[in-house]
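1. Need a 3D model of the following:
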Amino acid sequence: NSVYWEDLEEKLVDTRLLQKGDIVLVKGGERLPCDGVLIRDISNKGCYIDESMLTGESMPLTKQFSDIVLGGTVNCSGGPIWIRATSVGDATAIKGIVRLVNAAQGSKAPIQFYADFVSSKFVPTVIFIAFTSTLLWGLGVLLYIVPEAWYEQEGAFIFCLLFGISVLVI
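-> Have a look, this model is predicted:
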């Protein structure tokens, strides 16, 4: 909920009902419900706004009369501030950032399509070559083409399997 000013009277309204041009009261420690322009702070010396969630800045920034403030940031001043809403709902800066991040996560770079195509052909080919290598060495063992001294220590099956594994690794 947000405190909304109309005809010099405070009204508590749902944040979703705020409109561009509304004057909103934000008390100390509260989040700003929308993007806007600072029109008054109680000290008239500037207020402190924590924009760390948007900018990563560790210290609150000092905002003066007519400075732009962003929705989702925090009023770190001891007192209230008044802002005139310039962007509400889906038009705020934070919603724009969320849209950009979602679009970036949902799309692939052009080179990624090429990499997917190459890997879809390369991986099955390598597996086929490894399997064929294992079978051919096994055939060589069965037909006594490969000397028995080469595989007598580990056995014929392991000897042939090692060639297939070597193809996969390389």
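
2. Which stretches in this protein count as strands?
-> 2-6, 9-13, 23-26, 35-41, 47-50, 61-63, 68-69, 74-75, 81-87 (DSSP state E).

3. quick one: which of these is nearest Tyr144?
-> Proximity to Tyr144 (Cβ to Cβ) singles out strand 47-50 among the strands of the chain, at 80.3 Å. The way it works is simple: take the backbone N, C-alpha and C, and place the C-beta from them, glycine included.

4. quick revisit: could you tell me the least trusted of the strands of the chain?
-> Ranked by mean pLDDT, the strands of the chain bottom out at strand 2-6, with a mean of 65.

5. Just give me the residue closest to the centre of this protein.
-> Geometric centre of the chain, nearest residue: Val101, 5.6 Å, by Cα atoms, centre = their mean.

6. residues contacting Cys76?
-> Gly28, Gly29, Cys47, Tyr48, Ile49, Asp50, Pro60 (Cβ atoms under 8 Å, 6 or more residues apart in numbering).

7. where does the chain have low pLDDT?
-> Residue ranges of the chain with pLDDT under 70: 1-8.

8. distance from the centroid: which residue in it tops it?
-> Distance from the C-alpha centroid of the chain peaks at Tyr144, with 59.5 Å (Cα atoms, centre = their mean).
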